[in-house]
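**Q** My questions are about this predicted structure, shown below with the sequence.
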Amino acid sequence: MDNNIRKKERGMDARKWLKGLAIACGVMMAGAVHANLSTVPDETYKALNLDRSKATPKETYDALVKRYKDPAQGAGRGTMAEYWEPIPYSMYLDPTTFYKSPSSVKEVVTRQECVECHSDESPVWVQAWKRSTHANLDEVRKLKPEDAKYYKKEKLEEVENNLRSLGKLGAKENLKEVGCIDCHVEINTKKKADHTKDIRMPTADACGTCHLREFAERESERDTMIFPNGQWPEGRPSHALDWKANIETTVWAAMPQREVAEGCSMCHYNQNKCDGCHTRHEFSAAESRKPEACATCHSGVDHNNWEAYSMSKHGKVTAMMGDKWNWDVPLKDAFEKGGQSAPTCASCHMEYEGEYAHNMVRKVRWANYPFVPGVAENITSEWSEKRLDSWAATCSQCHSERFARTYLELMDKGTLEGLAKYQEAHDIVKKLYDEGLLTGQKTNRPAPPAPDKPGFGQFTQLFWSKGNNPASMELKVLEMAENDLAKMHVGFAHVNPGGWTYTEGWGPMNRAYVEIQDEHTRLREMLTLQERVNKLEGSKTSLLDLNSNSEKISLGGLGGGLLLAGTLALIGWRKRKQNKA
Amino acid sequence: MDNNIRKKERGMDARKWLKGLAIACGVMMAGAVHANLSTVPDETYKALNLDRSKATPKETYDALVKRYKDPAQGAGRGTMAEYWEPIPYSMYLDPTTFYKSPSSVKEVVTRQECVECHSDESPVWVQAWKRSTHANLDEVRKLKPEDAKYYKKEKLEEVENNLRSLGKLGAKENLKEVGCIDCHVEINTKKKADHTKDIRMPTADACGTCHLREFAERESERDTMIFPNGQWPEGRPSHALDWKANIETTVWAAMPQREVAEGCSMCHYNQNKCDGCHTRHEFSAAESRKPEACATCHSGVDHNNWEAYSMSKHGKVTAMMGDKWNWDVPLKDAFEKGGQSAPTCASCHMEYEGEYAHNMVRKVRWANYPFVPGVAENITSEWSEKRLDSWAATCSQCHSERFARTYLELMDKGTLEGLAKYQEAHDIVKKLYDEGLLTGQKTNRPAPPAPDKPGFGQFTQLFWSKGNNPASMELKVLEMAENDLAKMHVGFAHVNPGGWTYTEGWGPMNRAYVEIQDEHTRLREMLTLQERVNKLEGSKTSLLDLNSNSEKISLGGLGGGLLLAGTLALIGWRKRKQNKA
Amino acid sequence: MDNNIRKKERGMDARKWLKGLAIACGVMMAGAVHANLSTVPDETYKALNLDRSKATPKETYDALVKRYKDPAQGAGRGTMAEYWEPIPYSMYLDPTTFYKSPSSVKEVVTRQECVECHSDESPVWVQAWKRSTHANLDEVRKLKPEDAKYYKKEKLEEVENNLRSLGKLGAKENLKEVGCIDCHVEINTKKKADHTKDIRMPTADACGTCHLREFAERESERDTMIFPNGQWPEGRPSHALDWKANIETTVWAAMPQREVAEGCSMCHYNQNKCDGCHTRHEFSAAESRKPEACATCHSGVDHNNWEAYSMSKHGKVTAMMGDKWNWDVPLKDAFEKGGQSAPTCASCHMEYEGEYAHNMVRKVRWANYPFVPGVAENITSEWSEKRLDSWAATCSQCHSERFARTYLELMDKGTLEGLAKYQEAHDIVKKLYDEGLLTGQKTNRPAPPAPDKPGFGQFTQLFWSKGNNPASMELKVLEMAENDLAKMHVGFAHVNPGGWTYTEGWGPMNRAYVEIQDEHTRLREMLTLQERVNKLEGSKTSLLDLNSNSEKISLGGLGGGLLLAGTLALIGWRKRKQNKA
């Protein structure tokens, strides 16, 4: 559709055609210039079948976009599309699939008219944009090398080089501004826009037109987040495929409560858009470097990264001293030139071997969820040890390497201790399920809606329930894994002792264990009593069928220990492994 | 008492008499000036039987104060006064009713002596006041139009006009300062104060003497917070009647633990005083505009507005960028002149159709508590749709109207999804109660203390318990409504997806539902077994009387769905509706 | 070892010998100067058998260090050392006991070489240090009296006086800087350091070499935190003995999960080191004055001081206005000269009778844990009333004394109300334990690992569990005491009404009470039914032995009230009293 519009407009506007010619010349001249994206990992070049030393911006962009838009590689509605319907708001979460240009506004407007009208219609958009770098490119061109933001001048040159390669900017043309029409229609090549046909919600590839490096960096998460034995699906967990992770989760597709489900999508949309971290329309880089930029999504009962960090000494120093730091310097200069004295999310997670990039997953080892089958066993693998070394280097900016390594060892071992505690509780409940003894299991356990299927301890049960599906104990042990153990690891990982010992992690897991053991014992006592009444009645009509309970009553006391070696019997979790990131 | 003192003093002080005469002249001259309170809604003028185009400050003030002090309209100890006693600290929460001038300090002191002595006695009071606008009125008079605080100059002129109308300031007299004696005794007309007789704690009407507009705005909440079918009592929930809401709650009056109960009063005192938002004695307007000013009260398990907002992108942008914003500008200029780039509590809740006022309730539709009978049914009424339109206009300052409306639709529908989940759990427990089957219901369910009365699932049970009143399941479903569902809605309303999907709201409600279903099934199994033993004994002596459990055991699987249309069977909640705001 | 090295070096370096002589002269000259530590309480001079009017810095320091390093007085591995092993990271928590100089680095380096090499090795250390006062002593010497930091000049003179007394600085020598070698080897007297032998982790006595006053202040917590009847062990709870409190807790020593246990140590190390509050290597005094400096440790489920404060009006004013305050002024000037308008942790807890010191416990009355036997009974004692008076004086900086006293009364009475609610629930569960009726008590209650011993409701059970030890009800009532009641008191103490009424404290205690009563009733019903089946079987083989349940079934309704007078039957807690601070 976009192409048709462009053809029509060219037909109508001779100057545009001349400009197109100039741009084409620019492209030819720039054709030999390769993109030189040093911060993009080799894995991505390999995956895209590109030669790092030669690929032009256009070649790089085209290869990235082809994959980005490919439904077979995670774009769009996914394989469970038949089970769910979007709601009206969904168009803002997956614009490529659901967005429609507004039909209520008929105006066909120029660049300047956008600004004028929206100064009344949605004034804060315009105010924020006017403060942005996008609206002040000439200011950027005037920056002196001693200015903290000088790197933006180089960035602008890189952007213009990208645009020339893509045929969006003439060889000697400078980009004057990035205004409404540039992002919401097309960069630098449109004079007018028709609201009803041209307006788009910018997706990541739209941002990537200019910000090719950053686009390539974030897309590189697909290539660097690959567990050695398929513990997680390829490219996950990551921002680059978080939408796929969302819509390919059975409970998300199955839930009739679409507005609740879209709560997941409110964070799981980084695959589609960049404004989760770069708040529109000021797009302040300083803002996106602050830890709060990550907090809205990386928080809560299942991955309390923000809470763990912000209550740690690291986070508290940032809270206390951060207003003295210069957040305008790029991440690589944050400590030395910015005066930063404690780590932020970005300074640890965007760093890899001394460089900073929009790839947060190159050092991932535990992936927040230690119970996922194969993750714990992998933690001493060569793959994982290499990543541990990278972490040790990260921590060694501020600590001795010995300090870093002893702490990282503490983290790994402590996480395994939590896993073992969980495992013991899990086995008790799993055995009850296998025996058919969970509350209501034989009488009142409706199947979940499609595409979900019945099973034990599924991720689904955190959000869907009916009758006695799931049983209370079953949900409790599921939450031990998904929430308490995850938080315990996250507490370790963010150096928050209350996060793994007392308030979160071990304390809550101890409580869950106690409740599961208690309920287990009471359930067995009830079964025993039912059996005795059966015998008194001389009947065989009891709902529950259990003999010789006295032998089984102490089962809760077995198990446990470190049952990790070899085959972690976490069969019940496999479903999640396939469906969720 | 105040009047007697004034008479005596006049008898002693001829100059004062002359000044009184001058003031009286000022009043006469100013008599024709009407108050011109454009930000006070028509509803209030109508309720007070005042003509907006003519009412003088004095007429407006007198009408407001008459209602404000009327016990029949919410002032003072209320209708349950016989059941509770104040504690010593209560004098600071309802000064009109309980405050006594200090008997331990005998000094009769001048304006200047207050400051001198308290610079030693309570130095931070004095330091804060010295920084306040109250102590620096001449600075305000010097402000230039380009100053962010220039509006304060106009405000001061309005204040002086009010005082002249009230006979507290001469026609040509300027207010020199607002010092201790002005608020704690009487504005501008006292030379000396006797600690043992004259000292008062300033209530809202004291602040309103000068700040008539703000007093009228906040009192207008009584007139604009009126649900169409009495879903809530008139004027509630609001700040203007929050004290009444407190003391007319049966459990508050009934609780023997008065110090615990006064915890409620620590927030529910805005009806009586203004310093909940305007911290004494600096009374910084910039401070009261910040979202943290609302946080101490609007937070916690039953209405986590602060948590939901502060963890949302809106709140996080404020946390990250707020230190660059100019908080000294008035709310109407916050975005454009103050550089604000995300909403605060004040910028959304104090706004109505483009104007800002001390009325936070003109757009209230859900009132935090979706389970309150009639609220959900009302959400598509004309009354509610009009308020929805006002919200859409509010959001459209920063978003497109389409974005705003699709999100607001998401919020409404999602809240109803939560309500339906709660309803299904509620019906299970209510049925057990109707059958007399809740734990201990027939053997160990003491009545609550007066004025509370026995009943199912009452607000009371959140704070009072004895024996098996309430039963565990009963409290759990009560908390689903009062806490989890409330938080779910608040999460939606503050655009915090973790607040409605996972961490708060749906996740916890799913858990509560599972536990209720589980306990229900186990209870029915126990009853079945008891019945079988009864039969074996040939006896009829079982405490619990239940036949044919096998038919009822799957009850948990029924109900649910969207049972909202028509008559929401929330009979158990009606008591709360009458008693709490 | 250190001494041997020094002797060798002297043998090798004549200039050093001469310097040593000069220092010795300095000591002799300075010998008559006494330390003059006005902020150190008399109790400490008495405990150390020192004459306040005469003791030199050296005498004071030596006496303090002798006690500080004495295993019989809390240093080192403690009395349960045989039960636990350190992990590699432990060396950073108790360096005196576990730290080893790094064997991997062979360099013997000068003061300057430390800086050069670590600018590459661990650059942020060096950057932070370069911003510190330690690296800029000459800047301090230039401060003018009108400068907010002028007090640092006097502090530096005091430090130099201390060093002269200790023979570490010549009589006329000025301290040039405090660099790596000064803290990590020895102050001012080393030219070179051998990584493999000389490097130490600075413990509090190392900091105390220069900062004698602060060292003495913090050590004074041992002498001023002594409950009148041994409610807590002498000197506890305090920072000065928090390591001892940690390692002498049986569950800490008993837990096989050492990495989890070291989570406790991550806060309980202030006895050993100063960097819990004074973040290395900038050691910003302004930072350590901010409330966030205390937050990482003083937060969480068992002592949510930070949460209670930061959500109170006090904390919110600090959050809103703190960026305008001058945190560089010393605490005594914070309100008047710093512009502070709300209390911080430091301004209330480091203050005592108008002076500020590194002793946070001189006004302790409740010690966070109202259930500890004897604490509640003591709250109206003369000892406690004197401390209450000190609190009233603290609060009276910003409030009237009457306001302060009525609020403190509210706090005390409210805390007792919470204690009574807890007590009633406790008695129900304790009775079940005494009857042997807790879930699995007779069949599946393994003993805890040594040095722990079996018992009811022990602190241990918060972190250790196996089979049905503890029972679910037992853990619940334990958490009522350790967590909910503690948080309720902390809510009162930090003026956070949601902290004692609804969200924390009373609300959760009410919930726990209801669940305990419910489970109690159901357990009795089960026992009754088992008994009936026993009779039907004519057998005596039931696991549980209970007659005449019908009389006992309403036990839950008894007890309660204010059972505090005389003998609080909290026998189960005594173990904790001995073991935990």
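**A** Structure received.
**Q** which residues touch the residue nearest to A:Gly339 when sequence neighbours are not counted?
**A** Once flanking residues are discounted, A:Gly339 sits nearest to A:Trp325: 4.9 Å by Cβ to Cβ, 6 or more residues apart in numbering or on different chains. Backbone N, C-alpha and C define where each C-beta goes, glycine included. By Cβ atoms under 8 Å, 6 or more residues apart in numbering or on different chains, A:Trp325 lies in contact with A:Ala334, A:Gly338, A:Gly339, A:Gln340, A:Ser341.
**Q** pretty sure the last one contacts C:Val124?
**A** Going back to what we said before, that points to A:Ser341. Yes. Applying Cβ atoms under 8 Å, one finds A:Ser341 in contact with C:Val124, separated by 7.0 Å.
**Q** who's more crowded, the two?
**A** Just comparing A:Ser341 and C:Val124: by other Cβ atoms under 10 Å in any protein chain shown the higher neighbour count belongs to A:Ser341, 25 against 22.
**Q** got the residues of the stretch 401-550 of chain A near chain B?
**A** A:439-440, A:443-444, A:446, A:461-468, A:470-473, A:475, A:479, A:526, A:529-530, A:533, A:536-537, A:543 (Cβ under 8 Å from any Cβ of the partner chain).
**Q** 7 Å instead, please
**A** Applying Cβ under 7 Å from any Cβ of the partner chain, we find that the stretch 401-550 of chain A lies next to chain B at A:439-440, A:443-444, A:446, A:462-463, A:465-468, A:470-472, A:475, A:529-530, A:533, A:536-537.
**Q** Quick check on A:Tyr356: phi, psi?
**A** Taking degrees, to the nearest 10, you get phi -120, psi 140 for the backbone angles of A:Tyr356.
**Q** Name the nearest residue to it, sequence neighbours excluded.
**A** Per Cβ to Cβ, 6+ apart, closest to A:Tyr356 is A:Leu331, 4.1 Å.
**Q** Ok, A:Asn305 next?
**A** Per Cβ to Cβ, 6+ apart, closest to A:Asn305 is A:His298, 4.0 Å.
**Q** Show the model's pLDDT score for A:Arg15.
**A** Predicted confidence (pLDDT) for A:Arg15: 49.
**Q** According to the record, where do the domains of chain A fall?
**A** Chain A is divided into the following domains under automatic domain parsing: A:2-229, A:420-579.
**Q** what sits against the residue in the stretch 201-350 of chain A positioned nearest to chain C?
**A** Scanning the stretch 201-350 of chain A for proximity to chain C using Cβ to the nearest Cβ identifies A:Lys316 as nearest, at 4.3 Å. If a contact means Cβ atoms under 7 Å, 6 or more residues apart in numbering or on different chains, then A:Lys316 has C:Glu292, C:Ala293, C:Ala295, C:Thr296 as its contacts.
**Q** From the residues you listed, pick out the ones that also neighbour chain A.
**A** Among the contacts of A:Lys316, chain A is touched by C:Glu292, C:Ala293, C:Ala295, C:Thr296 when using Cβ under 7 Å from any Cβ.
**Q** and the residue lying closest to A:Ser238 once chain neighbours are set aside, how many neighbours does it have?
**A** Excluding the flanking residues, the one nearest A:Ser238 by Cβ to Cβ, 6+ apart is A:Glu221, at 3.7 Å. Counted by other Cβ under 10 Å, the residues lying close to A:Glu221 total 27.
**Q** repeat for A:Tyr356
**A** 18.
**Q** which residues touch it?
**A** So A:Tyr356 contacts A:Leu331, A:Lys332, A:Met350 (Cβ under 7 Å, 6+ apart).
**Q** Nearest spatial neighbour of A:Arg532, chain-adjacent residues omitted?
**A** C:Val533 (5.4 Å).
**Q** Hmm, I typed the wrong one, I wanted A:His494.
**A** A:Ala308 (3.9 Å).
**Q** Please apply the same query to A:Pro256.
**A** A:Pro449 is the one closest to A:Pro256 (Cβ to Cβ, 6+ apart), at 6.8 Å.
**Q** Check the gap between that neighbour and A:Gln441 for me.
**A** Distance, A:Pro449 to A:Gln441, by Cβ to Cβ, to the nearest Å: 19 Å.
**Q** Of the two, which one has the most company?
**A** A:Gln441 (21 against 16).
**Q** a strand runs through that one, doesn't it?
**A** No. Secondary structure assignment (DSSP: H, G, I helix; E, B strand; the rest coil) places A:Gln441 in coil, not in a strand.
**Q** which parts of the stretch 251-400 of chain A sit against chain B?
**A** Residues of the stretch 251-400 of chain A lying near chain B (Cβ under 7 Å from any Cβ): A:257, A:259-260, A:262-264, A:266-267, A:279, A:282, A:287, A:290, A:292-293, A:295-296, A:299-302, A:323.
**Q** and chain C, which of the residues you listed contact it?
**A** A:Asp323.
**Q** Quick check on the residues of the stretch 251-400 of chain A next to chain B: which are buried?
**A** A:257, A:259-260, A:262-264, A:266-267, A:279, A:282, A:287, A:290, A:292-293, A:295-296, A:299-302 (16 or more other Cβ atoms under 10 Å in any protein chain shown).
**Q** Now tell me what touches the helix or strand containing A:Ser288 from outside.
**A** A:Ser288 is part of helix A:285-289, with elements assigned from DSSP states H and E. Contacting residues not belonging to helix A:285-289 are listed as A:Cys277, A:His278, A:Thr279, A:Ala293, A:Trp327, A:Asp328, A:Leu331, A:Thr344, A:Ala346, B:Met320, B:Met321 [Cβ under 7 Å, 6+ apart].
**Q** Let me see the ranges of the strands in the stretch 301-450 of chain A.
**A** Counting by DSSP state E, counting those that start in this stretch, the stretch 301-450 of chain A has strands at residues A:351-352, A:355-356.
**Q** what residues does the stretch 201-350 of chain A put near chain C?
**A** Counting by Cβ under 7 Å from any Cβ, the stretch 201-350 of chain A sits next to chain C at A:Met311, A:Ser312, A:Lys313, A:Lys316, A:Val317, A:Ala319, A:Met320, A:Met321, A:Asp323, A:Phe335, A:Glu336, A:Ser341.
**Q** any idea how far B:Pro508 is from the closest residue to A:Ala471 other than its chain neighbours?
**A** Spatially, and ignoring its direct neighbours in sequence, A:Ala471 is nearest to A:Leu438 (3.9 Å; Cβ to Cβ, 6+ apart). Counting by Cβ to Cβ, the gap from A:Leu438 to B:Pro508 is 21 Å.
**Q** A:Glu234 now?
**A** Counting by Cβ to Cβ, the gap from A:Glu234 to B:Pro508 is 34 Å.
**Q** More neighbours: the two, which one.
**A** Between A:Glu234 and B:Pro508, B:Pro508 has the larger neighbour count (other Cβ under 10 Å), namely 19 against 14.
**Q** Now do that one against C:Glu409, distance only.
**A** 37 Å.
**Q** Also A:Ser312?
**A** Noted for A:Ser312: a distance of 37 Å to C:Glu409, by Cβ to Cβ.
**Q** Please say which of those two ends up with more neighbours.
**A** Using other Cβ under 10 Å, the more surrounded residue of A:Ser312 and C:Glu409 is A:Ser312, with 24 against 15.
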